[in-house]
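**Q** from the sequence below, what's the structure:
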Amino acid sequence: MGNSEAVLLVDHGSRRAEANALLGQVAALVKQRLGAGGIVEPAHMEIAEPTIAQGFTRCVEQGATRVVVHPFMLAPGRHVMEDLPRLVAEAAQLHAGVEFTMAAPLGSHTGIIDGLGNQDHLTCGFSGAQRVERILGVHQRMGRRYQRRDLAGGVQLRKRCLGLLKHLRIFAEVEPPM
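**A** Next up is the predicted model:
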């Protein structure tokens, strides 16, 4: 990637500072991978700064004439398909002669699939029901909003997680599909 091309990583944005900081860390890792002269900036769609317009401007200030916008999101939902292109187009209008392109969301990228298929980092040494409880425990610590739900919400969360685990064949008691 030449100096005239930049990467703008965009996530939703959060009220939690540590959630927003993660995107900055990912941007630093991508920049390191691209090497000296690589232009990589984080931006948040809403709620937090830097905004998409601010991130786009930072890319241009570093010499970018083309900005590749990578949604740091999983699915091609409304934000990816409607909101991000609109917000990026608005930001680009402020910089005559600078082009942009939208990359696909992370979704089914092989790295995501590999990460889901390799749960050893979550379940080290556990098997069967212990692995399920371990994964659910990690999930609940990461997503505190689920802890605030009533008992019925917690049961629904467990059902969804168990369904995902069965689908991924995370634990040995699940029979592979015929």
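**Q** now do the helices in this protein.
**A** 17-34, 52-61, 78, 84-93, 110-117, 120-123, 128-142, 151-168 (DSSP state H).
**Q** quick one: list the elements packing against the shortest one.
**A** Right, helix 78. Under the contact criterion of 3 or more Cβ pairs under 8 Å, 6 or more residues apart in numbering; DSSP states H and E, helix 78 touches no helix or strand at all. Quick note: C-beta positions are derived from backbone N, CA and C, even for glycine.
**Q** number the residues from 36 up from this point.
**A** Sounds good: first residue 36 from here, last item helix 113.
**Q** please look at L122 and F91 and confirm they touch.
**A** No. The pair L122 / F91 is not scored as a contact, 9.2 Å apart, by Cβ atoms under 8 Å.
**Q** who's more crowded, the two?
**A** F91 (28 against 20; other Cβ atoms under 10 Å).
**Q** so how far is M116 from T86?
**A** According to Cβ to Cβ, to the nearest Å, T86 and M116 sit 20 Å apart.
**Q** between those two, which one's more packed in?
**A** The neighbour comparison of T86 against M116 (other Cβ under 10 Å) goes to T86, with 18 against 13.
**Q** just the pLDDT for that one.
**A** pLDDT, T86: 96.
**Q** what about it, distance to V103?
**A** According to Cβ to Cβ, T86 stands 18 Å off from V103.
**Q** name the nearest residue to A78, sequence neighbours excluded.
**A** Spatial nearest neighbour of A78, excluding adjacent residues (Cβ to Cβ, 6 or more residues apart in numbering): G90 at 3.0 Å.
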